[in-house]
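Q: Just need the structure, nothing else, for what follows:
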Amino acid sequence: MINTATKYIFVIITSLSLFWACEPCNDCGPDNAYPYFNLSILNKTSLDTLNQYKTRINSEIEAVNTALENPENAPLADSLNNLKVVKTDSLALINALITTTNNGSISIQSINGETNLFENRNGGDSLTRFKIPLKTTQNESEYEFQIEFSNTTHYLKLEYQLTDTTINSKITKSAKELKVIEHQFDSLRGPFGCRPRPRCISNELEIYVEI
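A: Numbering: from 1, shown residues only. A predicted model of the protein is given here:
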């Protein structure tokens, strides 16, 4: 049982180190990516799994406490206390991962097969909000997202109206009337971000999804 717990802790530590290695950055993404929209992602599947682990480990800690209270288990006290330490450490790590996941920090492995698109100030790719470029040669954009540590891809299709504009002293395109045409996420909200929304340029708008 202790060996199993040790392996479990190793997996959690590895995952946690990957999260902590990449501090969130709300102002990062592809350079000169105009126009774009902001995408926030919550890994609800991972969050549900983590909460299940948390419930299970809490139950296991209670079982160890009950065993320690039984005088008949006095010869096993050292082993039980060691097991309790392992379980308590696991619980602390899971709580940290739950906090990170709730914050929406996540990594996009690729978009339409293209990788290494995002980097935050610390050199990592785990962000809480992504700037997703829109095509400026047509009024629709399609995306196939591969989220890191996910076995499935997620599809998104948008339409919008393009107009000429000046951003950062450069003549470029802006997109308005951003609409979601189709998506394959567990849930999607938006776009939202300013009022009245029809006048918002895409760079001010955010789409929130759950996977």
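Q: make it CA atoms for all contacts and neighbour counts henceforth
A: OK.
Q: Stretch 185-200 spans what distance, first to last residue?
A: End-to-end distance for stretch 185-200, by C-alpha to C-alpha, to the nearest Å: 24 Å.
Q: average model confidence for it?
A: In this model, stretch 185-200 has an average pLDDT of 81.
Q: now do stretch 50-70
A: Confidence for stretch 50-70, expressed as mean pLDDT, is 94.
Q: which residues pair with the residue nearest the centre of the chain across the strands?
A: The residue lying closest to the centre of the chain (C-alpha atoms, centre = their mean) is Ile106, at 2.8 Å. For Ile106, the beta-bridge partners under DSSP bridges are Leu127.
Q: swap in Leu188?
A: Residues in beta-bridge contact with Leu188 (DSSP bridges): Val209.
Q: any idea how far it is from Leu162?
A: From Leu188 to Leu162 the distance is 23 Å (C-alpha to C-alpha).
Q: what helix or strand does Ser141 sit in?
A: According to DSSP states H and E, Ser141 maps onto strand 140-147.
Q: which residues of the protein fall in helices?
A: 2-20, 44-69, 77-102 (DSSP state H).
Q: quick revisit: my read: the residue nearest to the centre of the chain touches Leu127, true?
A: Yes: using C-alpha atoms under 8 Å, Ile106 is in contact with Leu127, at 5.6 Å.
Q: any low-confidence regions in this structure?
A: 1-33, 119-126, 167, 197-198 (pLDDT under 70).
Q: And it, split by domain according to the record?
A: Domains of the chain are assigned by automatic domain parsing as 27-42+105-210, 50-101.
Q: Out of the ones you listed, which is the most enclosed?
A: Of all the domains of the chain, domain 27-42+105-210 has the most neighbours on average by mean count of other C-alpha atoms under 10 Å, namely a mean of 17.
Q: Please compute how far that domain lies from its chain's middle.
A: 15 Å (C-alpha atoms, centre = their mean, to the nearest Å).
Q: how close does Asp89 get to Asn95?
A: Separation of Asp89 from Asn95 (C-alpha to C-alpha): 10 Å.
Q: ok, now Phe37?
A: Distance, Phe37 to Asn95, by C-alpha to C-alpha: 31 Å.
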